[in-house]
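Undergrad: build me a structure from this.
(one chain, ligands or ions: 1)
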Amino acid sequence: MSRSIPVVVLAGYLGAGKTTLLNHLLRAADGIRIGAVVNDFGSVNVDAMLVAGQVDATIGFGNGCLCCAVDEGELDALLDKLVHPDGPVDAVVIEASGLAEPADLVRRLLSSANPHIEYGGLVEVVDAVEFHDTRAKHIDLDRHLRLADLVVVNKTDRQSDAAAVLETVRGIAENATVVATSHGQIAPGLLFDRPAPDVGARQLSFADLLDHHEHLHDSYRSATFVANEPVNPRLLVEFLRKRPTGLYRVKGPVDFGAAGFGDRFLLNCVGGYLRFRRTPWPVGEPRRTQIVLIGHDADPEAAIEELVACVEPAEENDIFTALRHTDHD
Ligand SMILES: Nc1nc2c(ncn2[C@@H]2O[C@H](COP(=O)(O)OP(=O)(O)OP(=O)(O)O)[C@@H](O)[C@H]2O)c(=O)[nH]1
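TA: This is a model prediction of the structure:
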């Protein structure tokens, strides 16, 4: 099966902590090979990463601004070096320069012709200490927060009233997952895939459906929903649209049965982004839905109960709700 490589865009105003967060991800990725696309080589700890065998591909830009440096074609060429089925990386992080417009970068990424790329979310890093000043100086900050799929409120170690900053950010970025950190220490599992558990070919019990994992030290939780009966496309899309904001990523193969023309619909839902990729079921892959839910401050168990309620026969037009969000291979 061809791999899809998540590409995460890391944005935030000058000095918010983007490079610190990237370095943390490179250190803590635990076997996930990250390709880092940066605009300032000097500040990324490339030597240390090479020593630890953690960096497999890094590409820098001469003029310091990714957004200005590449048009759509050039971004594609750049990602082609990093992203192909047998390529050297499992995930890519593009660090936008402090002044870049994140919407441009996301748009360029989404229109990429590279078939192996998967949108991995827009992460906006915010300096908790400078938040009010930055907001006063940059009228675009609120808009950037609203665009973000994940907001990282960083430098909470230096902000005595971090709770107030968090509340303000949550009020602005209503649909984003908001995480408080110091030194950018978010759980890599919030951004990048972990392999789905192998549930084998046996009959699944309700306990299997509720199979979930807590990563207490990582401050994120994941759960896996498995269904052997077809899922109703309308109910699934409604669930995804209304899910709690903390449920950051939802992904995996979905079986809509005859309503889905017997095809496999690969779901990739990150923050406000929702897309299915429709392909025939690969030979040997069991036709069943296997969705992984990854969240921060969210209750995956409650979400799984809602997903159980989506296992329903589809009405004639229900598939159109999913097709509106579907790409063909
Ligand atoms: N106290 C504290 N310092 C931090 C934290 N995160 C980052 N820093 C420091 O803040 C400064 C800026 O961090 P960077 O990671 O370089 O920020 P950036 O967003 O990449 O900056 P630009 O590339 O200039 O836009 C550095 O000196 C970091 O060591 C944090 O959570 N707490």
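Undergrad: which residue ranges form the helices in the stretch 201-329 of the chain?
TA: Assigned by DSSP state H, counting those that start in this stretch, the stretch 201-329 of the chain shows helices spanning 206-209, 233-242, 300-308, 319-323.
Undergrad: what about the nearest residue to residue 84 once chain neighbours are set aside, distance to residue 148?
TA: Using CB to CB, 6 or more residues apart in numbering and skipping the chain neighbours, the partner closest in space to residue 84 is residue 116 (5.8 Å). C-beta coordinates here come from the backbone N, C-alpha and C atoms, glycine included. Distance of residue 116 to residue 148, given as CB to CB, to the nearest Å: 24 Å.
Undergrad: neighbour count winner among these two?
TA: With neighbours defined as other CB atoms under 10 Å, residue 116 and residue 148 compare such that residue 148 has more, 29 against 17.
Undergrad: what's the pLDDT at the residue nearest to that one when sequence neighbours are not counted?
TA: Spatially, and ignoring its direct neighbours in sequence, residue 148 is nearest to residue 124 (3.7 Å; CB to CB, 6+ apart). pLDDT recorded at residue 124 is 97.
Undergrad: what would the helices of the stretch 201-329 of the chain look like in a markdown table with mean neighbour count and mean pLDDT?
TA: Shown next, in a markdown table, are the helices of the stretch 201-329 of the chain (neighbours: other CB atoms under 10 Å; pLDDT from 0 to 100):
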| stretch | mean neighbour count | mean pLDDT |
| --- | --- | --- |
| helix 206-209 | 12 | 43 |
| helix 233-242 | 18 | 97 |
| helix 300-308 | 18 | 89 |
| helix 319-323 | 18 | 97 |
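Undergrad: I'd like to know which of these is closest to the ligand.
TA: Nearest to the ligand among the helices of the stretch 201-329 of the chain is helix 300-308; the distance by CB to the nearest ligand atom comes to 27.5 Å.
Undergrad: how is the residue nearest to residue 141 when sequence neighbours are not counted assigned, secondary-structure-wise?
TA: Nearest non-adjacent residue to residue 141, counting by CB to CB, 6+ apart: residue 135, 5.0 Å away. Secondary structure assignment for residue 135 (DSSP: H, G, I helix; E, B strand; the rest coil): helix.
Undergrad: residue 135 contacts residue 145, doesn't it?
TA: No: the criterion here is CB atoms under 8 Å, and residue 135 misses it with residue 145 at 9.2 Å.
Undergrad: could you give the bridge partners of residue 292?
TA: residue 224, residue 251 (DSSP bridges).
Undergrad: contact partners for it?
TA: 193-194, 196, 222-225, 249-252 (CB atoms under 8 Å, 6 or more residues apart in numbering).
Undergrad: quick one: least confident of those?
TA: residue 196 (40).
Undergrad: that older thread, what subset of the contacts of residue 292 is buried?
TA: 193, 222-225, 249-252 (16 or more other CB atoms under 10 Å).
Undergrad: so the residue nearest to residue 148 sits in a helix?
TA: No: Residue 124 is assigned strand when assessed by three-state DSSP, not a helix.
Undergrad: residues touching it, list them.
TA: When contacts are counted by CB under 8 Å, 6+ apart, residue 124 touches 11-12, 102, 144-145, 147-148, 150-152, 173, 176.
Undergrad: from the ligand, how far off is the residue nearest to residue 250 when sequence neighbours are not counted?
TA: Once flanking residues are discounted, residue 250 sits nearest to residue 269: 4.2 Å by CB to CB, 6+ apart. From residue 269 across to the ligand, the span is 27 Å (CB to the nearest ligand atom, to the nearest Å).
Undergrad: bridged to the residue lying closest to residue 110 once chain neighbours are set aside, which residues?
TA: Excluding the flanking residues, the one nearest residue 110 by CB to CB, 6+ apart is residue 119, at 6.2 Å. Per DSSP bridges, the residues bridged to residue 119 are residue 7.
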